[in-house]
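Novice: Let's see this in three dimensions:
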Amino acid sequence: MRFSRRRFCQSALASTSASMFPSTLVQAENSSGAFSSEIHAIRLNGSDTSVEGVAVKELAESLDGRLLVNGDFGYHGARRIWNGMHNRYPAIIVRPRSTTDVANAIDFARERELLLAVKGGGHSWPGRSVADGALMIDLSPLNGVTVDPVARRARIDGGALLATLDLATLGHNLVTTAGIVSHTGVGGLTLGGGYGRLGRKFGLTIDNLISAELVAANGRTLRVSADENQDLFWAIRGGNGNFGVVTEFEFALHEFSPDIYGGVMLWPLAQARDVLDYYAEKSTDFSDEMFMAPGMATGPDGSAMLTMDVCYCGNPGDAERELAPLRGVARPAVDGAVPASYLTMQTRMDGLTRPGIRSYIKSGMVREFTPALIDTMLSSFEPGKGVIMNSFATGGRIAEVSETATAWPHRNAHSMIATVSFWPDPGLDEARIGSTRSLWSELEPHVGGYYANIQADDVEVAGNYGPVYERLISVKNTHDPMNLFRLNSNIKPTV
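Specialist: From the prediction side, this is the model:
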């Protein structure tokens, strides 16, 4: 059933047969009478508004899924997102079980010019998955994954998590590039580009995207691919959530053995420069199978240590040979690079990044790993501040794609670098954010642009998208001129 404002206007007081809408009976029992009164909400322009209770009831009746308002069972669980710093209260939460549900919610928000938030895995660092007074679409009920091992394709619902994707594909010895925290949403990762440890071998997540089903701002459901709605297919590959709600992704899969080689290597600060000098000189010559990414952290004894995240997605014997020169430069204090399970590696960060933890991050793209950057990394990192410095390697297959072939413009970057902190106590917010920003202020002169998926602050968008920015505006003008989809790294329309 498709929600229609025209139908509502013609028959706002008409009763609906309970036998036609059995799910509505459950919703009505849980609503505590909330549909009988107006609900306070926020409009796109930030002003206050009220939504008629009878209209909200009609929207609920149009859904295969559930509609929640404050006071309903499940409301607080649905509004919570991964980063515990963001405690926000949407006016209405729609938990869809079909693409039509998503379209109905979008129609409702557009016609009333309501602020609209979209939650996939809820991993938005600045909390854009949820907003006070918004209509929030919580995609988590749409979480299925279907694998066709013969065609080497996977279809993934818009609310599925990376763990679901990895488990489904690895069962067939197939894989596609995914991020490094298993409770991240596939949708947000993909729309922002999609870094992963396999990117040098198989490209970014967006480089493996074959097609998608998208509900646009006008409520229409579109198939986007290289052959259909090509402008949107180009834009969603790196343009963030600016152009619609993706309810299904189709990815290419690659043959892959889940028994790989990798882990974390650690060196004391006294050896860090030798290791980083080697990395700067040789990293562009690494094989595409080798992912290696340096960082800085506080060691068990409270001192500064150089870290190296290693993942080799090929023969373990070849990994040993490729790592031998690095081990010859400086013997690691801890050498965790060993034969390992890829699935174990993909969940290694889950504890540190557990849902509800508080976190803040700054990130930027490194064009070249220069001696000046190395000097800054070693001189600016202060152990014991609760801040981690890490990086993410690009190159390989990622760099083989043209800068403007997709909406992700950082193909020629050497890597991404970030400063990040995680903490449980709200009383530490000011100190941890301050320490993260302080370290970032030292690194910032060495970067340009940022990775939209892991940016905690509003930053200048035009410079980040660079050569693709004007085309993104054109697509935005065509498909979302009212900027309904604005809670993202926002491309503002100019019409």
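
Novice: what about the chain, any weak spots by pLDDT?
Specialist: By pLDDT under 70, the weakly predicted segments of the chain are 1-36, 456.

Novice: In terms of residue numbering, what are the domains of it?
Specialist: The chain breaks down by automatic domain parsing into domains covering 5-138, 145-256, 259-454.

Novice: now, of those, which is deepest in the fold?
Specialist: domain 145-256 (a mean of 22; mean count of other CB atoms under 10 Å). (C-beta placed from N, C-alpha, C; glycine too.)

Novice: Quick check: end-to-end length of it?
Specialist: Length of domain 145-256, first residue to last, CA to CA, to the nearest Å: 18 Å.

Novice: How far does it sit from its chain's centre?
Specialist: 11 Å (CA atoms, centre = their mean, to the nearest Å).

Novice: Equivalent analysis for stretch 63-82, please.
Specialist: Its chain's C-alpha centre and that of stretch 63-82 lie 21 Å apart, by CA atoms, centre = their mean.

Novice: thinking again about what came up before, for the domains of the chain, give me CSV that also has distance to N483.
Specialist: Compiled in CSV, the domains of the chain are given as follows (distance: least, CB to CB, whole Å):
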stretch, distance to N483
domain 5-138, 7
domain 145-256, 9
domain 259-454, 17
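
Novice: which stretch among those comes nearest N490?
Specialist: domain 145-256 (6.6 Å; CB to CB).

Novice: closest one to N464 among the domains of the chain?
Specialist: Closest approach to N464 among these is made by domain 259-454 (4.6 Å; CB to CB).

Novice: okay, how far is it across stretch 135-154, tip to tip?
Specialist: 30 Å.

Novice: Which stretches in the stretch 301-450 of the chain count as helices?
Specialist: In the stretch 301-450 of the chain, the segments counted as helices under DSSP state H, counting those that start in this stretch are 316-329, 342-347, 371-380, 429-443.

Novice: Which strand residues bridge the residue nearest to I361 when sequence neighbours are not counted?
Specialist: Nearest in space to I361, with sequence neighbours left out and distances taken as CB to CB, 6 or more residues apart in numbering, is V420 at 4.2 Å. With DSSP bridges applied, the residues forming beta bridges to V420 are I361, I388.

Novice: measure V420 to A151 for me?
Specialist: The gap separating V420 from A151 is 38 Å, by CB to CB, to the nearest Å.

Novice: how about the residue lying closest to M349 once chain neighbours are set aside, what does it touch?
Specialist: Among residues not flanking M349 along the chain, V181 sits closest, at 5.0 Å (CB to CB, 6+ apart). By CB atoms under 8 Å, 6 or more residues apart in numbering, the contact set of V181 is H123, L162, M349, D350, T353.

Novice: How much space separates V181 from M345?
Specialist: For V181, the distance to M345 equals 11 Å [CB to CB].

Novice: can you give me how far stretch 304-317 is from the chain middle?
Specialist: Centre-to-centre, stretch 304-317 and its host chain are 24 Å apart (CA atoms, centre = their mean).

Novice: And for stretch 426-437?
Specialist: On the basis of CA atoms, centre = their mean, stretch 426-437 is displaced by 23 Å from the centre of the chain it belongs to.

Novice: And T478, how far from T205?
Specialist: 25 Å.

Novice: you'd agree G194 is up against G179?
Specialist: Yes - look at G194 against G179 with CB atoms under 8 Å: they come within range, at 7.0 Å.

Novice: what sits in contact with each of the two?
Specialist: Common contacts of G194 and G179, defined by CB under 8 Å, 6+ apart, comprise T205.

Novice: Now do the strands in the stretch 201-350 of the chain.
Specialist: Secondary structure of the stretch 201-350 of the chain (DSSP state E, counting those that start in this stretch): strands located at 209-215, 221-225, 245-252, 254-255, 259-268, 290-298, 304-312, 334-335, 338-341.

Novice: Dump those to JSON lines, plus distance to A405.
Specialist: What follows is the strands of the stretch 201-350 of the chain, written out as JSON lines (distance: least, CB to CB, whole Å):
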{"stretch": "strand 209-215", "distance to A405": "12"}
{"stretch": "strand 221-225", "distance to A405": "15"}
{"stretch": "strand 245-252", "distance to A405": "16"}
{"stretch": "strand 254-255", "distance to A405": "19"}
{"stretch": "strand 259-268", "distance to A405": "28"}
{"stretch": "strand 290-298", "distance to A405": "22"}
{"stretch": "strand 304-312", "distance to A405": "25"}
{"stretch": "strand 334-335", "distance to A405": "39"}
{"stretch": "strand 338-341", "distance to A405": "33"}
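
Novice: Relative to S37, which of these is closest?
Specialist: Nearest to S37, of all the strands of the stretch 201-350 of the chain, is strand 245-252, at 28.4 Å by CB to CB.

Novice: tell me what that closest one is packed against?
Specialist: In this structure, strand 245-252 makes packing contacts with helix 99-112, strand 153-157, helix 186-191, strand 209-215, judged by 3 or more CB pairs under 8 Å, 6 or more residues apart in numbering; DSSP states H and E.

Novice: The second one: partners in the sheet, and parallel or antiparallel?
Specialist: Translated: strand 153-157. Within its sheet, strand 153-157 is paired with strand 145-148 (antiparallel), strand 245-252 (antiparallel), according to DSSP bridges.

Novice: hang on, isn't L323 packed against G336?
Specialist: No - using CB under 8 Å, L323 is not in contact with G336, being 11.8 Å away.

Novice: Now S98: closest residue in space, sequence neighbours ignored.
Specialist: D64 (4.7 Å).

Novice: Now the one you found: which helix or strand?
Specialist: Using DSSP states H and E, D64 is not contained in any helix or strand.

Novice: could the helices of the stretch 301-450 of the chain go into TSV alongside distance to S363?
Specialist: Converted to TSV, the helices of the stretch 301-450 of the chain look like this (distance: least, CB to CB, whole Å):
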stretch	distance to S363
helix 316-329	25
helix 342-347	20
helix 371-380	14
helix 429-443	9
